[in-house]
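# Show me the folded form of this:
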Amino acid sequence: MAVTVNNQRVMVALDVPGREEALALGEALRGSGCWLKVGLELYAYAGPQIIQELKALGFPVFLDLKLHDIPTTVERAIRGFVQGGADIINVHCSGGYEMMARAAAAVREEGSKLGTTPKVIGVTVLTSMSEIQFKEEIGVQRDLKEHVVQLAKLAEKAGLDGVVASAQEAGEIRKNTAADFLIVTPGIRPAWSAAQDQARVLTPQAALAAGSSYLVVGRPITRAENPRQALEQLWD
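Sure thing, here's the model as predicted:
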């Protein structure tokens with residue numbers, strides 16, 4: 001199967017508990033043109049070397065660890081992640097302006113030393129969280145979409161390259177940020193797949209139409225009998 005432009009905008013979430021399973025999925029998707037996303041689960045079991053192993057298969061890699069700590073800690077930690085070779089790294093927007101600004105500056109400084117600079121993006125509100133949870137459990141009384149857009153604008157001001165947000169908020173973020181500001185959207189479910197534990201979901205076609213730059217898709221692909229075929233069928 002040929003590489004398609006749409007595939008190049010898909011990040012397959014390797015939310016698996018081991019190196020062997022991750023590399024097997026990488027082999028199955030090799031040559032498709034998609035990205036691979038390394039999150040907490042895989043990073044905990046396979047370690048930082050998994051990034052270079054996946055890149056050796058020809059994939060760009062998004063390191064999704066959602067850094068959220070005091071500014072100094074995040075600044076120091078993110079330098080190490082830049083050295084690890086990821087193409088995109090993320091932090092939590094709720095860490096605040098200073099944390100994001102120092103993370104962005106550290107990534108660019110470290111990247112300039114290495115000759116390659118990854119993008120750094122900010123997580124707004126997790127796509128597993130519903131509007132009701134956001135207000136009743138977290139205690140934020142303003143509209144969830146309004147909150148996400150505010151965080152996106154703050155991230156852009158701090159020098160981040162983009163944000164992670166639900167596709168349901170992508171259109172409003174796109175209106176309020178620069179044209180090249182990245183919008184990475186989890187919670188993507190093709191019409192033939194169940195929502196599972198995602199609360200704010202959208203189909204791939206609708207997400208791209210809303211302004212998403214990249215689509216994060218996990219279980220509909222990774223749990224399929226034929227992951228490569230499932231990737232191609234996202235657009236059905």
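# What pLDDT is listed against residue 188?
Reading off the confidence values, residue 188 has pLDDT 85.
# burial count for it?
Per other Cβ atoms under 10 Å, the neighbour tally for residue 188 reads 28. Heads up, the C-betas are built off the backbone N, CA and C, glycines and all.
# my read: it touches residue 203, true?
Yes: distance between residue 188 and residue 203: 7.4 Å, which falls inside the contact criterion (Cβ atoms under 8 Å).
# Pull whichever strand or helix holds residue 110 out as PDB, backbone CA atoms only.
For residue 110, the enclosing helix or strand under DSSP states H and E is helix 97-114. Output of helix 97-114 as PDB, limited to C-alpha atoms (Å, rounded to 0.1, in the frame of the first residue of the first chain):
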ATOM      1  CA  TYR A  97       3.300  30.400  31.200                       C
ATOM      2  CA  GLU A  98       6.700  30.300  32.800                       C
ATOM      3  CA  MET A  99       6.900  26.500  32.700                       C
ATOM      4  CA  MET A 100       5.900  26.400  29.000                       C
ATOM      5  CA  ALA A 101       8.200  29.300  28.000                       C
ATOM      6  CA  ARG A 102      11.200  27.800  29.700                       C
ATOM      7  CA  ALA A 103      10.500  24.400  28.200                       C
ATOM      8  CA  ALA A 104      10.200  25.900  24.700                       C
ATOM      9  CA  ALA A 105      13.500  27.800  25.100                       C
ATOM     10  CA  ALA A 106      15.300  24.800  26.500                       C
ATOM     11  CA  VAL A 107      14.100  22.600  23.500                       C
ATOM     12  CA  ARG A 108      15.400  25.200  21.000                       C
ATOM     13  CA  GLU A 109      18.700  25.700  22.800                       C
ATOM     14  CA  GLU A 110      19.300  22.000  23.100                       C
ATOM     15  CA  GLY A 111      18.200  21.300  19.600                       C
ATOM     16  CA  SER A 112      20.500  23.900  18.200                       C
ATOM     17  CA  LYS A 113      23.400  22.000  19.800                       C
ATOM     18  CA  LEU A 114      22.300  18.800  18.200                       C
END
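# For stretch 57-72, buried residues please.
Judged by neighbour count (16 or more other Cβ atoms under 10 Å), stretch 57-72 contains these buried residues: 59-68, 71.
# Mind putting these into a markdown table with pLDDT?
Compiled in a markdown table, these are given as follows (pLDDT from 0 to 100):
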| residue | pLDDT |
| --- | --- |
| 59 | 98 |
| 60 | 98 |
| 61 | 99 |
| 62 | 99 |
| 63 | 99 |
| 64 | 98 |
| 65 | 98 |
| 66 | 98 |
| 67 | 98 |
| 68 | 98 |
| 71 | 98 |
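# ok, these vs residue 52, which is closest?
Ranked by distance to residue 52 (Cβ to Cβ), the buried residues of stretch 57-72 are led by residue 61 at 8.8 Å.
# State the distance from that closest one to residue 89.
Relative to residue 89, residue 61 is positioned 10 Å away (Cβ to Cβ, to the nearest Å).
# which helices and strands sit right next to the helix or strand hosting residue 148?
Secondary structure here is read from DSSP H and E; on that basis residue 148 sits in helix 144-157. Helices and strands touching helix 144-157, as assessed by 3 or more Cβ pairs under 8 Å, 6 or more residues apart in numbering; DSSP states H and E, comprise helix 97-114, strand 119-123, helix 131-136, strand 162-164, helix 167-176.
# and the ones you listed, which one's lowest on average pLDDT?
Looking over the helices and strands packed on helix 144-157, mean pLDDT reaches its minimum on helix 131-136, with a mean of 91.
# Only C-alpha atoms, please: export that one in PDB.
As requested, C-alpha coordinates have been extracted for helix 131-136 and formatted as PDB (Å, rounded to 0.1, in the frame of the first residue of the first chain):
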ATOM      1  CA  GLU A 131     -17.800  18.800  30.300                       C
ATOM      2  CA  ILE A 132     -19.500  17.500  33.400                       C
ATOM      3  CA  GLN A 133     -16.300  16.100  34.900                       C
ATOM      4  CA  PHE A 134     -14.500  19.300  34.000                       C
ATOM      5  CA  LYS A 135     -17.000  21.400  36.000                       C
ATOM      6  CA  GLU A 136     -18.000  19.100  38.800                       C
END
